[in-house]
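Visitor: next one to model:
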Amino acid sequence: MNENLAHRYLNEGFSGGEKKRNEILQMKLLQPQFALLDAIDSGLDVDALRIVSDAINSMRSDDFACVMVSHYERLFELVKPTHVHVLVNGQIVMSGGYELVEKIDKEGYEWIKELGIDIQEEEERKPIILESCGHKEMMNNG
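Guide: Now for the predicted structure:
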């Protein structure tokens with residue numbers, strides 16, 4: 001990380017790559033037992049992707065587990081997963097090893113439809129709305 005970043009507000013004015021590297025730095029400092037890295041490769045150039053991948057690989061141990069979500073094989077080439085799960089419409093439809101990453105990169109997702117799994121197109125999906133568990137009036141009246 002560039003030393004001048006320590007004198008700026010957290011993630012303020014950071015590029016996408018700087019934000020991702022900062023997140024990895026925080027993860028290394030906090031040393032969690034588990035991390036969820038959602039699209040950690042998004043917006044990274046080749047050099048930044050290598051830096052982030054090296055940092056993730058350096059944390060590999062029996063005391064650390066990580067779930068990485070990505071749409072691109074490149075991240076998984078640099079950080080080899082031990083397990084791969086394919087999520088379709090919010091459900092895990094297939095699990096395996098790195099061979100699943102290679103198959104998806106080579107053939108896309110069309111072959112999953114041949115297994116009888118319906119893949120909804122983005123336009124067909126209804127939005128998920130997150131709300132509180134109860135309205136204030138309902139809690140006061142009931």
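
Visitor: quick check: Gly16 vs Ala39, distance?
Guide: To Ala39, Gly16 is 10 Å away according to Cβ to Cβ, to the nearest Å. Every C-beta, even on glycine, is put in place using the N, C-alpha and C of the backbone.

Visitor: ok, Lys28 next?
Guide: With Cβ to Cβ as the criterion, Lys28 and Ala39 are 19 Å apart.

Visitor: and if you look at Ile117?
Guide: Remark: distance between Ile117 and Ala39 (Cβ to Cβ) = 23 Å.

Visitor: hmm, Ile112 is touching Gln91, no?
Guide: No: no contact is recorded between Ile112 and Gln91 when judged using Cβ atoms under 8 Å, the distance being 11.9 Å.

Visitor: ok, these two, which is more surrounded?
Guide: Remark: of Ile112 and Gln91, Ile112 carries more neighbours, 18 against 8, as counted by other Cβ atoms under 10 Å.

Visitor: dump the helix or strand containing the more buried one to PDB, keeping only the CA atoms.
Guide: Of the helices and strands defined by DSSP states H and E, Ile112 is found in helix 110-113. Taking C-alpha atoms only, helix 110-113 is exported to PDB below (Å, rounded to 0.1, in the frame of the first residue of the first chain):
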ATOM      1  CA  GLU A 110     -25.400 -23.700 -20.900                       C
ATOM      2  CA  TRP A 111     -24.400 -27.200 -20.000                       C
ATOM      3  CA  ILE A 112     -26.100 -26.800 -16.600                       C
ATOM      4  CA  LYS A 113     -29.500 -26.400 -18.400                       C
END
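
Visitor: going along the chain, name the helices of the protein.
Guide: 16-30, 46-58, 73-78, 98-107, 110-113, 136-141 (DSSP state H).

Visitor: which one of the ones you listed lies closest to Arg8?
Guide: Between Arg8 and these, the tightest spacing by Cβ to Cβ is seen for helix 16-30, at 9.5 Å.

Visitor: how far does that closest one sit from its chain's centre?
Guide: 14 Å (Cα atoms, centre = their mean, to the nearest Å).
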